[in-house]
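Peer 1: model this:
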Amino acid sequence: MTEIPPPRSGLPPDISVWDPLLRLVHWSFPLLIPAMWWTAENDKWALHKRLGLVLLGLLVFRAVWGFLGPETARFARFVKSPKVVLAYLRGGAGKSAHHIGHSPLGGWSTMVLLGAMLFQVSLGLFAGDPFDGTTGPLNPLVGVALADIITEVHETFFWVIAGLIALHLAAICFYAARGDDLLSPMVGGSRPPAEGAVGIGPVPWVRGLLACGLAAGLALWVAYGAPPLT
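Peer 2: Numbering: from 1, shown residues only. Down below sits the predicted model:
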């Protein structure tokens, strides 16, 4: 008769890496970007503009959360100097057991992708042609000629976004092949325990509500054409 091994009690719990608000924003991007491409390709401009404003709000939240959020969400925590990034690439700093969150290289990759998306959505706010009714909410603030240039850049720059996303996915696959699962922690928020690793602790929900309010307020203000506040 085969003995059933006793349950493995006493194992340390998983440690928290990513907070729920950051994960919600993160997983909104792979839904919004293809949807915005599809709406543009199929002339669904009203929906395209609404999705663009949602994306703007999410990016503003992520920027604010980079200062108010938990440790792994903060820019100061994962944006490292070039010296640290080079050391990481050479196999030095950044690979210790207590490291959680973005690696030094991953931190810069995240900043580039966020910056590119913010640049793209900012272009969209001014893009369009008022003579065919397809304009961003801030289009009246620029002339027709400048709006035409912005529109062309907006259309072309999407493929830069697509390329960065492809690199992001390739990096995830590369680390997965090396046994470093980056996907599961971003889904569930936690990773298995490791020696010396410390989780992020409780989520600062009050600061989260403040960040959400600021992001929603700015997106709504832009949607109305950024009227004077006085």
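Peer 1: quick one: buried residues of whichever strand or helix holds residue 216?
Peer 2: Element membership for residue 216 (DSSP states H and E) is helix 205-223. Buried residues in helix 205-223, counted by 16 or more other Cβ atoms under 10 Å: 207-208, 211-212, 214-215, 218-219, 222-223. Placement of C-beta: from N, CA and C, glycine included.
Peer 1: what packs against it?
Peer 2: helix 20-41, helix 45-68 (3 or more Cβ pairs under 8 Å, 6 or more residues apart in numbering; DSSP states H and E).
Peer 1: pretty sure residue 101 contacts residue 15?
Peer 2: No. With contact defined as Cβ atoms under 8 Å, residue 101 does not reach residue 15; the gap is 10.9 Å.
Peer 1: Spit out the contact partners of the residue nearest the centre of the chain.
Peer 2: In the chain, the residue lying closest to the centroid (Cα atoms, centre = their mean) is residue 26, at 4.9 Å. By Cβ atoms under 8 Å, 6 or more residues apart in numbering, the residues touching residue 26 are 18, 186.
Peer 1: Show me what counts as buried in the lengthiest helix in the chain.
Peer 2: Determined from DSSP state H, the single longest helix within the chain is helix 144-177. Within helix 144-177, the residues scored as buried using 16+ other Cβ under 10 Å are 147, 150-151, 154, 158, 161, 164-165, 168, 172.
Peer 1: quick check: angle from it to helix 20-41?
Peer 2: 130 degrees (axes from the mean of the first three to the mean of the last three Cα atoms, to 10 degrees).
Peer 1: Give the rounded mean pLDDT of helix 144-177.
Peer 2: Mean pLDDT, computed over helix 144-177, is 96.
Peer 1: swap in stretch 211-230?
Peer 2: Rounded mean pLDDT across stretch 211-230 is 94.
Peer 1: Point out where the chain drops to low pLDDT.
Peer 2: The chain contains residues with pLDDT under 70 at 1-11, 92-99.
Peer 1: Could you report the neighbour count for residue 178?
Peer 2: 8 (other Cβ atoms under 10 Å).
Peer 1: Same question for the one 4 residues further on.
Peer 2: With neighbours defined by other Cβ under 10 Å, the count for residue 182 comes to 17.
Peer 1: Check whether it really touches residue 175, as I assumed.
Peer 2: Yes. Here residue 182 reaches residue 175: they are 5.3 Å apart, a contact under Cβ under 8 Å.
Peer 1: looking at the helices and strands packed on helix 205-223, which is buried most?
Peer 2: Mean neighbours per residue, mean count of other Cβ atoms under 10 Å, is largest over the helices and strands packed on helix 205-223 for helix 45-68, with a mean of 19.
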